[in-house]
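Trainee: what's the 3D shape of this:
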Amino acid sequence: MANLNARLDKIIPKIKEDKFIEGRGLGNEISFYVFDYEPEHELKVRDYIKHIKKEFDYEGTDRRIIEFDLYKMIIEITKEKRIFDRIFDMEERQGKDALFKAMTTFAKPDIFLQKIKEQMGKHNVVFLTGVGKVYPFVRSHNILNNLQEVLDKIPVILFYPGQYSGQDLQLFGKFKDDNYYRAFRLVD
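Mentor: Got it, this is the predicted structure:
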């Protein structure tokens, strides 16, 4: 991976391009992008995401960015369903395996998609973050696969702590998430 700072500095110009907001051409491709980075740079990337959002936060901008942090979303969802407090008891009494099974049964992509639909408003660029924090309960390829039904014309950038080969996602450079080849690398 090339120098992180140089890659981060290419994000804003990329978002400003007409073809970014209009889609990728006539092949009817979806406008899903992955910005992959080494996991140890997570805090730097988070700070840069704040910088990007500030850059487009002005009256009259034609790029209205909304960030969906999958980790914050799962916390919010568990609180809404009134199971947040019981999660800790479950882990303590029944162990990690029971917690994993309960959370993966509960944390289905459609729950996240519903939240995204509800909160989209007039936003026209989506940032997906928190992928590493929500692993293994939520897998990013499941969200992406289902998200195209909801956001087929809206560009989505998945900020991914690992590697994306253009064919598959490898979280933290260790866990093969699954094949996902419909997204483009945001910057090389």
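
Trainee: can I take it that Met103 is in a strand?
Mentor: No. With DSSP: H, G, I helix; E, B strand; the rest coil as the criterion, Met103 is helix rather than part of a strand.

Trainee: give me the residues contacting stretch 11-22.
Mentor: 25, 31, 35, 48, 52, 55-56, 62-63, 65, 124-125, 155, 157, 186-187 (CB atoms under 8 Å, 6 or more residues apart in numbering). Quick note: C-beta positions are derived from backbone N, CA and C, even for glycine.

Trainee: any idea which strand is longest in the chain?
Mentor: strand 156-164 (DSSP state E).

Trainee: how about residues contacting that strand?
Mentor: Residues contacting strand 156-164 (CB under 8 Å, 6+ apart): 1, 11, 31-39, 41-42, 45, 49, 125-129, 131-132, 140, 144, 147, 169-175, 177, 180, 183, 185-186.

Trainee: list the buried ones in stretch 145-155?
Mentor: Buried residues in stretch 145-155, counted by 16 or more other CB atoms under 10 Å: Leu147, Val150, Leu151, Ile154, Pro155.

Trainee: ditto for stretch 17-37
Mentor: For stretch 17-37, a neighbour-count test (16+ other CB under 10 Å) marks Phe20, Ile21, Gly23, Ile30, Ser31, Phe32, Tyr33, Val34, Phe35, Asp36, Tyr37 as buried.

Trainee: wait, is the second one part of a helix?
Mentor: Yep, that's Ile21 we're talking about. Yes. Counting by three-state DSSP, Ile21 is located in a helix.
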